[in-house]
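K.L.:
Mind looking at a prediction? Sequence and model below.
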Amino acid sequence: MKRFLPEYAAAAYLFLYSPLVVLGIFSFNSSKVAIWRGFTWDWYIRVFQNSALLDATLNSLIIACAATLVSTIIGTLAGYALWKKRSPILTNSLYLSLMTPEIVAGVSLLAFFEWLFRFLHVQLGMHTVILAHVSFCLVYVVIVILARLRTFDSSFEEAALDLGATEWQVFRYVTVPMLLPGIIAAALLCFTVSFDDYVITSLVAGVNSETLPMVIYAMARKGVSPEVNALSVMITVGLGVLILLAGRLEQRSGGKARRP
């Protein structure tokens, strides 16, 4: 069995990434059909000339950045609080959010917003999408921060307290710098998950708050356009770089804390 492990791994990677390779190849096809007619950059140029795609991309970037910022701040504080309290029940309950199907989470958020906005007289829009993204991005931040804190040496905090620092100064000047690789990794994961989400976003989005995945899905239902192929390649490459960076930083966050 061990002799064939490289072949098994190669077959698995081929199965996973061959559709992306085909997508990338046909994004340079001069024909609109799945028949190779010649190499061209036209579809990439047309992506930047499509106002609907550009508006949706801007919405996705605004939502992803806002959700990442809020989730990273709140999730870091929540993870640190859970680590201090040592509550296994609260910690294990985090995984319920990951196990809940997206369609269930989306419907529950929509019902909550409709009930809440009935009294506030507010409609669905960008704000509801950001709140929804924060709700499912928080758990990623907390899990990454807790993974980093499991290898955190609390003696650094004790030494700072013995030297006269306040608890806030210890958190700001000792704890946060040592958690920084995990915080950055969590932020990159949040941005990727938020930018890529479709199911929950489609349920809680309002008028003029369509995101890029929603527009791509609407375009793909009418037939796969070469513009969609080109845009998908750019998204895949961009998010792939972020995922690789997040993985590297998460590995560092799981390593042993070094003395400052």
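P.N.:
Ah, there it is.
K.L.:
where exactly do the helices run in the stretch 51-200 of the chain?
P.N.:
Counting by DSSP state H, counting those that start in this stretch, the stretch 51-200 of the chain has helices at residues 51-85, 88-99, 102-120, 126-149, 155-162, 167-170, 176-196, 199-204.
K.L.:
Can you give me the buried ones in the shortest one?
P.N.:
In this case it means helix 167-170. Neighbour-count burial for helix 167-170 flags V170 (criterion: 16 or more other Cβ atoms under 10 Å). The C-beta positions use only the backbone N, C-alpha and C, and glycine is treated the same way.
K.L.:
got it, and the third one?
P.N.:
Within helix 102-120, the residues that qualify as buried by neighbour count (16+ other Cβ under 10 Å) are A105, G106, L109, L110, F113.
K.L.:
Go through the residues you listed and say which is closest to L188.
P.N.:
Comparing the buried residues of helix 102-120 against L188 with Cβ to Cβ picks out A105 as the nearest, at 21.8 Å.
K.L.:
Double-check the closest one against F136; I have them as touching.
P.N.:
Yes - under the contact definition of Cβ atoms under 8 Å, A105 touches F136, with a separation of 6.4 Å.
K.L.:
Tell me which residue is most central in this protein.
P.N.:
For the chain, the residue nearest the mean C-alpha position is V193 (2.3 Å; Cα atoms, centre = their mean).
K.L.:
S71 versus the closest residue to it other than its chain neighbours, what's the distance?
P.N.:
Excluding the flanking residues, the one nearest V193 by Cβ to Cβ, 6 or more residues apart in numbering is C137, at 6.1 Å. Remark: distance between C137 and S71 (Cβ to Cβ, to the nearest Å) = 4 Å.
K.L.:
Contact partners for T236?
P.N.:
Counting by Cβ atoms under 8 Å, 6 or more residues apart in numbering, T236 touches L20, L23, G24.
K.L.:
who touches the host helix or strand of the first one?
P.N.:
Yep, that's L20 we're talking about. Element membership for L20 (DSSP states H and E) is helix 5-26. Helix 5-26 has contacts (Cβ under 8 Å, 6+ apart) with A34, W36, P226, N229, S232, V233, T236.
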